[in-house]
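> Fold the following and give me the result.
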Amino acid sequence: MNFTETEEQRALRTAVADLGRRYGYDYFMKQARGGGRLTQLWQEAGQLGFLGVNLPEEYGGGGAGLYELAIVQEELAAAGCGLLLLVVSPAICGTIIARFGTPAQRERWLPRLASGESIMVFGITEPDAGSNSHKLTTVATRDGDAWVLNGRKIYISGVDEADAVLIVGRTADARTGKLRPALLVVPTDTPGFTYRPLEMDIIAPEKQYLLFLDDVRLPADALIGDEEAALLQLFAGLNPERIMASALAVGSGRYALDKAVGYARQRTVWEVPIGAHQGLAHPLAQVKIELELARLMMQKAATLYDAGDDMAAGGRQHGQVRRRGGQRAGRGPGHADPRRQQPYRRVRLGGHARERAHHQDRAGEPGDDPELRRAALARPAEVLLKEATLMSEKLVQYAVQRGIARIALDSPRNRNALSAALVGQLTRALGDAGADDTVRAVEVTHTGSTFCAGADLSEASQGGMRDGALRVLALLRDIVALPKPVVGSIDGHVRAGGLGIVGACDIVLAGPASTFAFSEVRLGLAPAMISLTTLPRLDPRAASRYYLTGETFDAPTAARIGLITEAVEDIDAGTLAVLDRLRACSPQGLRETKPLLIGGLLEGFEARAQALADQSARLFGSPEAAEGMAAFLEKRTPSWAAE
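Next up, the predicted model:
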């Protein structure tokens, strides 16, 4: 079974993560503690096409599968703002209606569920029966062409936000008189339908409710699917619930681990970060392994479900994920029928639609195009342990003093190259600065003689560069979009991707030890991604010269062509003077002024980021670039260089 994600799935993951970072844990907890709702996040996710990614395209969905919806849930949870109602509205209710609803029922509900305009929640649990469908006491009886529903439901999430509840009741079998499950849509404004909130110990925006159904009259078309096959239809919705709850647990676990690792990096005792001690680093590494295993089980379940194996998807996989993911997080909590899959699938990413051919044979099925398969995920435990241990290595320093967050790149062993670990830590530091109300501005600087050497060529030579490209693009956009001024303070060498960070900063000062070079062309590459932040700053003629020649230039030249703000003789004094001026400014004034400066840069990201990531990945995988990088690492002239 194959799990390596497709290009489109990776793009979806990146786009959702970007949305999650803009809301995050603080927004989530503000709404939870204040009795609010996650309406703003829900509506934006709907506008971007994330809520209906698993629903049929002809009804306004993305035409993808449960795997993709689980990506949405996992990434939002990993940002600290998981959406519980994703589990019920598009996953359970949307799946059941898409697979078993009549054309009229699909037309009525699916477009509104996909856009987020409407929310439908799910009611199965009862005070005495739990979720045992054979013991439910909520009964629907026929009265002419109508249904009359009576019963009680408990611990039903989000009823106050919903337009309707998909109720699991039972109806009488005309032949045997025995009761069998039935699924009925009950609008929340139906007479006889009432609810009251339940007091819960957990702090969450989504409230839990006790439902009362007293002689609730429903039209005949309130029944979803075949009355004689409701049990199978019910499980077609319950298995997505399990997978989505697992995605929520895995994402929450990732968020908790990131916080723990971040604290272990920053908390210093006897001048040593506590994460440097094995007694803390090794348990964190073990948690990382457990989370990766849980994620694999969740991905397996989603893949099985999307391949049409409903029953296999809902068994041991979910239990394993819930135990490994939810326990590690300290918190625990559809898809369209493959036979109805469209030949093209559309997912809106950041307001833009991307299409690609999608074979009806899903991953692992006979006839699957090898290019569309999810390649096998080979990540043995020792590799995960090494990766997790590296997370505890402090590559980025972070400190706040007098309203300034100072972020210093501190990876001298690879000249502050943009490794996955460094990019991750830098991204988290920026997020911390953005969320800290005491921070007025951010300084980005470095230790050692190099500010940033660009891409980590040792990682690049091992492949997977599109993921790396997307990470760097997300980092650059985070710097640009940070709602606080970012000041670059440089007194060292800057090459290739490091220039992208320089271009993303609002103000940049460079000392006499600084040198700059767009060195990509000398490696068989192009300054594709960093063009988003550097081209808008540069004089056009200077851009042509330095992009095409890769030659080195100094700080005064960088200031003259617009790459930096000022070349200074004393970098410490110059930086301090700028930061003191920012300290004197109003937080509101800074917050409202910065968007006036960055609009064009953000438009470039929206319009060109994906294409430039593709170009960068393609070039890194080319023979010329492989030779260029090898020559650089081996300190020799590349074979394609002219005499």
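> any idea where the helices of the stretch 401-550 of the chain begin and end?
Using DSSP state H, counting those that start in this stretch, the helices assigned to the stretch 401-550 of the chain run over residues 420-435, 457-460, 465-481, 497-504, 531-534, 540-549.
> Which strands and helices lie in contact with the first one?
Spelled out, that is helix 420-435. Helix 420-435 sits against helix 7-33, helix 230-266, helix 381-391, strand 396-401, strand 404-409, helix 465-481, with contacts defined as 3 or more Cβ pairs under 8 Å, 6 or more residues apart in numbering; DSSP states H and E. Where you see a C-beta, it was placed from the backbone N, CA and C, and this is true even at glycine.
> Buried ones in stretch 16-29, by neighbour count?
Of all the residues in stretch 16-29, those buried under the rule 16 or more other Cβ atoms under 10 Å are Val16, Ala17, Asp18, Leu19, Gly20, Arg21, Tyr23, Gly24, Tyr25, Tyr27, Phe28.
> Contacts only, for the residue nearest to Asp160 when sequence neighbours are not counted.
Counting by Cβ to Cβ, 6 or more residues apart in numbering, the nearest residue to Asp160 once its immediate chain neighbours are dropped is Lys207, at 6.1 Å. Under the criterion of Cβ atoms under 8 Å, 6 or more residues apart in numbering, the contact partners of Lys207 comprise Ser157, Gly158, Val159, Asp160, Pro197, Leu198, Met200.
> quick one, phi psi at the first one?
This means Ser157. Its backbone dihedrals place Ser157 at phi -80, psi 140, with angles given as degrees, to the nearest 10.
> do the second one as well
The phi and psi values for Gly158, taken as degrees, to the nearest 10, are phi 70, psi 20.
> beta partners of Leu213?
In this structure, Leu213 has beta-bridge partners Gly151, Phe193, where bridges are defined by DSSP bridges.
> ok, it touching Val148?
No: applying Cβ atoms under 8 Å, one finds Leu213 not in contact with Val148, separated by 9.6 Å.
> Before we go further, Trp147 is sitting in a strand, right?
Yes: assignment of Trp147 by DSSP: H, G, I helix; E, B strand; the rest coil places it within a strand.
> where exactly do the strands run in the stretch 1-150 of the chain?
Under the criterion DSSP state E, counting those that start in this stretch, the stretch 1-150 of the chain carries strands at the ranges 120-123, 139-143, 146-157.
> Please say which of Leu213 and Val148 ends up with more neighbours.
A direct count of neighbours by other Cβ atoms under 10 Å for Leu213 and Val148 places Leu213 higher, at 26 against 17.
> so how far is Leu179 from the more buried one?
Using Cβ to Cβ, to the nearest Å, Leu213 is found at 16 Å from Leu179.
> So the residue nearest to Ile224 when sequence neighbours are not counted: helix, strand or coil?
With Cβ to Cβ, 6+ apart as the measure, Leu183 is the residue that lies nearest to Ile224, at 4.3 Å, once sequence neighbours are left out. Using three-state DSSP, the structure places Leu183 in strand.
> Leu183 contacts Leu232, doesn't it?
No: at 11.0 Å, Leu183 and Leu232 do not qualify as touching, with contact defined as Cβ under 8 Å.
> Comparing those two, which shows the higher neighbour count?
Summary of the neighbour comparison: Leu183 and Leu232, criterion other Cβ under 10 Å, with Leu183 having more neighbours (27 against 14).
> For the more buried one, give the beta-bridge partners.
Val168.
> give the contact list for it.
Applying Cβ under 8 Å, 6+ apart, one finds that Leu183 lies in contact with Ile96, Leu166, Ile167, Val168, Leu223, Ile224, Gly225, Ala230, Gln233, Leu234.
> Lowest-confidence entry in those residues?
Among the contacts of Leu183, Ala230 carries the weakest pLDDT, at 61.
> Look up how far Thr533 lies from Ile224.
With distances taken as Cβ to Cβ, Ile224 is found 51 Å from Thr533.
> Also Ala558?
If you measure Ala558 against Thr533 using Cβ to Cβ, the figure is 14 Å.
> Check Ala98 too.
The gap separating Ala98 from Thr533 is 42 Å, by Cβ to Cβ.
> Same check on Arg440?
Between Arg440 and Thr533 the distance, using Cβ to Cβ, works out to 23 Å.
> now Arg22
According to Cβ to Cβ, Arg22 and Thr533 sit 19 Å apart.
> what bits of the stretch 151-300 of the chain have low per-residue confidence?
Low-confidence segments of the stretch 151-300 of the chain, defined by pLDDT under 70, are located at 173-178, 227-231.
> what about 90?
Within the stretch 151-300 of the chain, the stretches falling below the threshold (pLDDT under 90) are 169-182, 199-203, 225-239, 265-281.
> Same question for the stretch 1-150 of the chain.
Within the stretch 1-150 of the chain, the ranges that satisfy pLDDT under 90 run 1-7, 99-100, 127-137, 142, 145.
> now the helices for it?
Assignment of helices within the stretch 1-150 of the chain using DSSP H, counting those that start in this stretch yields the ranges 7-33, 39-47, 66-78, 85-86, 94-100, 103-115.
> out of these, deepest packed?
Among the helices of the stretch 1-150 of the chain, the stretch with the highest mean neighbour count (mean count of other Cβ atoms under 10 Å) is helix 66-78, at a mean of 28.
> how far off helix 39-47 does that one point, in degrees?
Orientation note: helix 66-78 sits at an angle of 150 degrees relative to helix 39-47 (axes from the mean of the first three to the mean of the last three Cα atoms, to 10 degrees).
> just checking, what packs against helix 66-78?
Counting contacts by 3+ Cβ pairs under 8 Å, 6+ apart, helix 66-78 is packed against helix 7-33, helix 39-47, helix 85-86, helix 230-266, helix 278-306.
> let's see it at 10 Å
The contact analysis (3 or more Cβ pairs under 10 Å, 6 or more residues apart in numbering; DSSP states H and E) places helix 66-78 against helix 7-33, helix 39-47, helix 85-86, helix 94-100, helix 230-266, helix 278-306, strand 344-349.
> Send me that helix as CSV with only the CA atoms.
Written as CSV, here are the backbone C-alpha positions of helix 66-78 (Å, rounded to 0.1, in the frame of the first residue of the first chain):
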residue,chain,number,x,y,z
LEU,A,66,-11.6,11.2,2.6
TYR,A,67,-7.8,11.2,2.6
GLU,A,68,-7.8,14.8,1.5
LEU,A,69,-10.4,15.8,4.1
ALA,A,70,-8.2,14.2,6.7
ILE,A,71,-5.3,16.4,5.5
VAL,A,72,-7.5,19.5,6.1
GLN,A,73,-8.4,18.3,9.6
GLU,A,74,-4.8,17.3,10.5
GLU,A,75,-3.2,20.5,9.4
LEU,A,76,-5.7,22.7,11.2
ALA,A,77,-5.3,20.7,14.3
ALA,A,78,-1.5,20.9,14.0
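> what's the angle between that helix and helix 278-306?
In terms of direction (the same axes, to 10 degrees), helix 66-78 departs from helix 278-306 by 150 degrees.
> just the angle between helix 66-78 and helix 230-266, please?
40 degrees.
> thinking again about what came up before, mind putting the helices of the stretch 1-150 of the chain into a markdown table with distance to Arg545?
Putting the helices of the stretch 1-150 of the chain into a markdown table (distance: least, Cβ to Cβ, whole Å) gives the following:
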| stretch | distance to Arg545 |
| --- | --- |
| helix 7-33 | 33 |
| helix 39-47 | 42 |
| helix 66-78 | 41 |
| helix 85-86 | 51 |
| helix 94-100 | 55 |
| helix 103-115 | 49 |
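> Kindly state which of these is positioned closest to Gly503.
The stretch from those with the least distance to Gly503 (Cβ to Cβ) is helix 7-33; that distance is 19.1 Å.
> Please state the offset of that closest one from the chain centre?
6 Å (Cα atoms, centre = their mean, to the nearest Å).
> That helix packs against which elements?
Helices and strands touching helix 7-33, by 3+ Cβ pairs under 10 Å, 6+ apart, are helix 39-47, helix 66-78, helix 230-266, strand 344-349, strand 352-357, helix 420-435, helix 465-481, helix 587-620.
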